[in-house]
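In: Dropping the sequence and predicted coords here.
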Amino acid sequence: MSKIPYVVRRGDTLYFRIRVPAKLQAVIERKEIIQTLQTQDRQEAIPIALRVASEIKIIFNNLSKDMTDIKHKRHLEVLREKLKVRDVIHQEETERLEFTHKAEALRIERETTLRAENDLLKGALLSHANQIPVTLTRESKVKLKTPVLSTVLAEYEKKHFSHLTKRNREKYVTSFKMLNEFLGDEYVGDIKHFKMSQVFRKIERLPPNWGRREFSSMSIKQIIENNEGAGLHKSSFDGYKSPVSQFVAWAKEEYEGAFANVAVRDIKYKGTRESGEEGQRAFKSEELDKLFRCKEMKAYCGSSKDVGKFWLPVIALYTGMRVNEICQLNPFTDILDVGGIWCFLISDATEAAPDIEKSVKSGTERQVPIHSKLIELGLFDYTNGLQKAGFKRMFPLDTPHSNRAGGNTARNFRRFLEDVGLRDDAVNKKIVGMHAFRHTVITEACKSDFIRDMLSVVGHEDKVRDGRGDLLPPVTKRYIDNDVLKIAPSVKKEAIEKLTFDIDFYKPVKPVFKK
């Protein structure tokens, strides 16, 4: 059942609910406004709720503008009239009291009936057992039964997983696996906030590399118990928390009593690995020279089989593209002439190789002009070789990982950095993989004062910035025409050509691919 804004179910009845803006809560004296829609039909309730929400938001706006007591009273009267209740501010409390009275009356009625039945049963047993006293007991409270965790998780997966990308689905599966392992098959109504927070205290102790093959034979509990080093980074912790938070919110609406006081968003990270400590830095000029002039790189450039290991880092150096963006390029569809300017097309809408699934991290496709240095080094000889062999991704000899083109290619480059002695594990300024090239490009653009136009090249064009690269306030952005915000390929080309590196590259051979 998908979530409909402003509509919640309590028992068999649908209610309208809207949160009061923080600055108006003191005036209205409530955090939320809740009103019965007097129907059990969702299709009937939805348009009513949307109309009422629209009218109430207008009143909220008027209340915010008119900050006098007299006008406040007038607006509050309009609010009450819109909802057709005598005092909407206390509506939730009234409904709670009515529910309590009904529940108490039902409890008394049940106790009276059970007492009478119990007396009759005791009398029958006493008579049958020659007056031997028999004591009968019963629960003093009727406990609300909710489904077990595995059932609710399975229902959520059935309804929501088909809408997720493969990568997000894997994240959800991992998060739910953790819940199952730590909570078992408890009734979701018995899972309280303290118990959920203890789950995340354990998750926090997972080692940063816990997904590696060496841990594949161990349970999550065993991995944690054997970890004597660092735990998860805060960003990883939050990544596991997000799917659980969405699942719990959904379960609360679907199953009465589920996760009664659980608030996943309030569970805080208590580890020590805060944001930034894993950050990479830009390559220094001498490091770039060592990388591209080492004997290993010379061997790659001279091998028609391994020449792709040269093209991966050099494309990254002259574009700032992410490793997966480079690896998933289809030479048939993603290298194109745009008004006389050759560009890479970063898109998940064009044809992908049959063994991968394309993705764009920013969610927006973009064109990246091809630097003249890449053309000079023979990029088109390489991509033409791919086309002749029928390959639809840039490095077909590397096996994809989890349907992503760049997984194993990136791993091979990390090993190359270690082999040539360029790996740097310093906190906050590492050199450990391909992302260091992205830092290099953006840092170079900032130093040489062409950062604004380079932002659209590297995929940060959704943030509007001034000539120095400083983020503009949202209110300023509204005054700028949309066509002005779009960066033309010619401007991008001019910006990317400003990337210059004093490196005497080896000349790569033409590839020979066999399919």
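Out: Yep, that arrived.

In: Now do the helices in the stretch 151-300 of the chain.
Out: 166-183, 193-203, 220-225, 234-254, 285-293, 295-301 (DSSP state H, counting those that start in this stretch).

In: Tell me which of these is the most buried.
Out: Mean neighbours per residue, mean count of other C-beta atoms under 10 Å, is largest over the helices of the stretch 151-300 of the chain for helix 234-254, with a mean of 18. Bear in mind the C-beta positions are built from the backbone N, C-alpha and C, glycine included.

In: Ramachandran coordinates for Leu417?
Out: The phi and psi values for Leu417, taken as degrees, to the nearest 10, are phi -60, psi -40.

In: hang on, isn't it packed against Met434?
Out: No: contact criterion C-beta atoms under 8 Å: Leu417 and Met434 do not qualify, at 9.3 Å.

In: Out of the helices of the stretch 151-300 of the chain, the one nearest Thr36 is which?
Out: For the helices of the stretch 151-300 of the chain, the distance to Thr36 is smallest for helix 234-254, at 16.5 Å, taking C-beta to C-beta.

In: Next, the angle helix 166-183 makes with that closest one.
Out: Calculated by axes from the mean of the first three to the mean of the last three C-alpha atoms, to 10 degrees, helix 234-254 forms an angle of 80 degrees with helix 166-183.

In: so what secondary structure elements neighbour helix 234-254?
Out: helix 149-160, helix 166-183, helix 193-203 (3 or more C-beta pairs under 8 Å, 6 or more residues apart in numbering; DSSP states H and E).

In: Just put those helices in TSV and tack on mean pLDDT and distance to Asn62.
Out: Below are the helices and strands packed on helix 234-254 laid out as TSV (pLDDT from 0 to 100; distance: least, C-beta to C-beta, whole Å):
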stretch	mean pLDDT	distance to Asn62
helix 149-160	90	38
helix 166-183	87	41
helix 193-203	92	38
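
In: Mind putting the ones you listed into CSV with distance to Thr350?
Out: Shown next, in CSV, are the helices and strands packed on helix 234-254 (distance: least, C-beta to C-beta, whole Å):
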stretch, distance to Thr350
helix 149-160, 28
helix 166-183, 18
helix 193-203, 38
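
In: To Ala353, which of those helices lies closest?
Out: Using C-beta to C-beta, the nearest of these to Ala353 is helix 166-183, at 14.8 Å.

In: what's the closest one in contact with?
Out: With contact meaning C-beta atoms under 8 Å, 6 or more residues apart in numbering, helix 166-183 is reached by 149-150, 153, 157, 161, 164, 191, 195, 198-199, 202-203, 219-221, 239-244, 247, 357, 359, 402-404.

In: Which one of the helices and strands packed on helix 234-254 lies nearest to Asp289?
Out: helix 166-183 (35.9 Å).

In: tell me what the host helix or strand of Val314 is packed against?
Out: Val314 is part of helix 308-317 when elements are defined by DSSP states H and E. Here helix 308-317 touches helix 285-293, helix 295-301, helix 323-327, helix 372-377, helix 379-389, helix 407-419, helix 435-447, going by 3+ C-beta pairs under 8 Å, 6+ apart.

In: Of these, flag the one that's most buried.
Out: Of the helices and strands packed on helix 308-317, helix 323-327 is the most buried (mean count of other C-beta under 10 Å), at a mean of 25.

In: next helix or strand past that one?
Out: Tracing the chain past helix 323-327, the next element assigned as helix or strand by DSSP H and E is strand 335-338.

In: which other residues reach stretch 249-262?
Out: 1, 3, 8-9, 11, 144, 146-147, 152, 155-156, 160, 188-189, 191-193, 196, 248.

In: before we move on, the earlier item: of the helices and strands packed on helix 308-317, which approaches Trp311 most closely?
Out: If you check each of the helices and strands packed on helix 308-317 against Trp311 by C-beta to C-beta, helix 379-389 wins as the nearest, at 5.7 Å.

In: average pLDDT across the closest one?
Out: Regarding helix 379-389, the rounded mean pLDDT is 95.

In: returning to what we had before: tell me which of the helices and strands packed on helix 234-254 sits nearest to Met297.
Out: Per C-beta to C-beta, nearest to Met297 of the helices and strands packed on helix 234-254: helix 166-183, 31.5 Å.

In: Now do the same contact list for the residue lying closest to Phe283 once chain neighbours are set aside.
Out: Nearest non-adjacent residue to Phe283, counting by C-beta to C-beta, 6 or more residues apart in numbering: Thr440, 4.8 Å away. If you count contacts by C-beta under 8 Å, 6+ apart, Thr440 has them with 282-283, 288, 317, 320.

In: With distance to Phe513 as added columns, please give the residues you listed in CSV.
Out: Shown next, in CSV, are these (distance: C-beta to C-beta, whole Å):
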residue, distance to Phe513
Ala282, 33
Phe283, 30
Leu288, 28
Leu317, 24
Gly320, 27
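
In: what's the closest of those residues to Lys31?
Out: Once C-beta to C-beta is applied, the member of the contacts of Thr440 that ends up nearest Lys31 is Gly320, at 45.8 Å.

In: ok, for Phe501, nearest residue in space, not its chain neighbours?
Out: Leu288 (6.1 Å).

In: give me every residue that touches the one you found.
Out: Listed by C-beta under 8 Å, 6+ apart, the contact set of Leu288 reads 317, 440, 501, 503.

In: any idea how this protein splits into domains?
Out: Following automatic domain parsing, one gets these domains for the chain: 1-138, 149-266, 285-496.

In: of all the ones you listed, which lies closest to Thr272?
Out: Going by C-beta to C-beta, the one of those nearest Thr272 is domain 149-266, 7.9 Å.

In: Now do the closest one: distance to the chain's middle.
Out: Domain 149-266 sits 14 Å away from the centroid of its parent chain (C-alpha atoms, centre = their mean, to the nearest Å).

In: mind showing which ranges of the stretch 201-350 of the chain have poor pLDDT?
Out: 273-278 (pLDDT under 70).

In: JSON lines for the domains of the chain, including distance to Pro508?
Out: Below are the domains of the chain laid out as JSON lines (distance: least, C-beta to C-beta, whole Å):
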{"stretch": "domain 1-138", "distance to Pro508": "53"}
{"stretch": "domain 149-266", "distance to Pro508": "32"}
{"stretch": "domain 285-496", "distance to Pro508": "4"}
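
In: Tally up the residues packed near Asn403, please.
Out: Neighbour count for Asn403, taken as other C-beta atoms under 10 Å: 15.

In: Pull up the gap between it and Met394, please.
Out: Counting by C-beta to C-beta, to the nearest Å, the gap from Asn403 to Met394 is 16 Å.

In: Check Arg423 too.
Out: The gap separating Arg423 from Met394 is 24 Å, by C-beta to C-beta.

In: So between those two, which is more surrounded?
Out: Taking other C-beta under 10 Å, Arg423 and Met394 do not tie; Met394 has more neighbours (26 against 15).

In: just checking, the more buried one touches Gly308?
Out: Yes: under the criterion of C-beta under 8 Å, Met394 makes contact with Gly308 at 7.0 Å.

In: how about Lys298, what does it touch?
Out: Applying C-beta under 8 Å, 6+ apart, the residues near Lys298 are Tyr506.

In: before we move on, what about the one 4 residues further on?
Out: For Gly302, the contact set (C-beta under 8 Å, 6+ apart) comprises 506, 509.

In: ok, now Ser347?
Out: Taking C-beta under 8 Å, 6+ apart as the criterion, Ser347 is in contact with 334, 358, 360, 365.
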